[in-house]
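Chemist: okay, here's the prediction I keep looking at, along with the sequence it came from:
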Amino acid sequence: MTHTTETLHLEYLYGPQWQEAVRIIERSGQLTADEREKLNAASKKLIQDKVSALSNGTGLEGGLSGLLAGLGMGANAQTVAAHPVNIAAETAKAFGRSRNVQLAGMIAGQAVSPTAAGTTGDLSGLLESFGSIGAVTVVGQAVTAAVLSDLVGQGEFTKAVYDELMQPWSSTIEM
């Protein structure tokens with residue numbers, strides 16, 4: 001690939017896998033109301049599955065008590081740290097991509113924002129943006145996975161971690 005000034009800027013912003021990050025960001029800005037709802041539902045399902053796993057004792061050893069112990073950095077702190085988002089954050093830090101992940105997430109969040117789609121800046125726009133938190137979360141996870149995709153297999157950032165971060169986006173949105 002020939003490097004132009006533009007591609008060098010994009011690589012500086014999003015890292016060597018900038019093409020996939022840009023595709024997700026651009027597609028995020030084109031979400032329909034139905035797609036936004038599907039992303040919110042996917043996010044809600046993820047949260048419900050995690051809460052269910054906690055209450056059943058399968059998500060962390062000891063269920064909710066394990067989570068509380070983990071928050072206090074008790075015996076289950078390693079299990080809490082092994083969450084895909086945390087693994088991605090540690091991988092980004094270890095390979096100097098934290099800034100790339102942060103920028104991609106911030107810009108993707110702006111692309112998903114209802115105000116980006118033309119909603120006025122009044123109270124209804126603010127309330128609508130709160131309703132998009134799930135969509136912003138799903139998009140943020142997807143761009144994080146995209147920015148780090150060339151690091152699959154490095155440390156704990158496995159293909160399974162990548163897939164778990166990307167799954168809510170890729171199963172909901174056609175690219």
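Modeler: The structure has been received and is ready for your questions. Numbers count the residues shown, from 1 in each chain.
Chemist: spatially central, which residue of the chain would that be?
Modeler: Most central in the chain under C-alpha atoms, centre = their mean is Gln141, positioned 1.1 Å from the mean C-alpha point.
Chemist: state the number of residues packed around the nearest residue to that residue once chain neighbours are set aside.
Modeler: Closest residue to Gln141 apart from its sequence neighbours, by C-beta to C-beta, 6 or more residues apart in numbering: Leu165 at 4.5 Å. The C-beta positions use only the backbone N, C-alpha and C, and glycine is treated the same way. Close neighbours of Leu165, defined as other C-beta atoms under 10 Å, add up to 25.
Chemist: check which helix or strand covers the nearest residue to Phe157 once chain neighbours are set aside.
Modeler: Closest residue to Phe157 apart from its sequence neighbours, by C-beta to C-beta, 6+ apart: Thr91 at 4.1 Å. Using DSSP states H and E, Thr91 maps to helix 84-94.
Chemist: C-alpha coordinates for that helix, CSV please?
Modeler: Taking Å, rounded to 0.1, in the frame of the first residue of the first chain, the C-alpha atoms of helix 84-94 are listed here in CSV:
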residue,chain,number,x,y,z
PRO,A,84,-12.3,-9.0,27.3
VAL,A,85,-12.6,-5.2,27.7
ASN,A,86,-9.9,-5.3,30.4
ILE,A,87,-7.7,-7.6,28.3
ALA,A,88,-8.0,-5.3,25.3
ALA,A,89,-7.1,-2.3,27.5
GLU,A,90,-4.0,-4.0,28.8
THR,A,91,-3.0,-5.1,25.3
ALA,A,92,-3.4,-1.6,24.0
LYS,A,93,-1.3,-0.3,26.8
ALA,A,94,1.4,-2.9,26.4
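Chemist: just checking, next helix/strand downstream of it?
Modeler: Heading C-terminal from helix 84-94 (DSSP H and E), you reach helix 98-112.
Chemist: what are the buried residues along that following helix?
Modeler: By neighbour count on 16 or more other C-beta atoms under 10 Å, the buried set for helix 98-112 is Asn100, Val101, Leu103, Ala104, Gly105, Ile107, Ala108, Gly109, Ala111, Val112.
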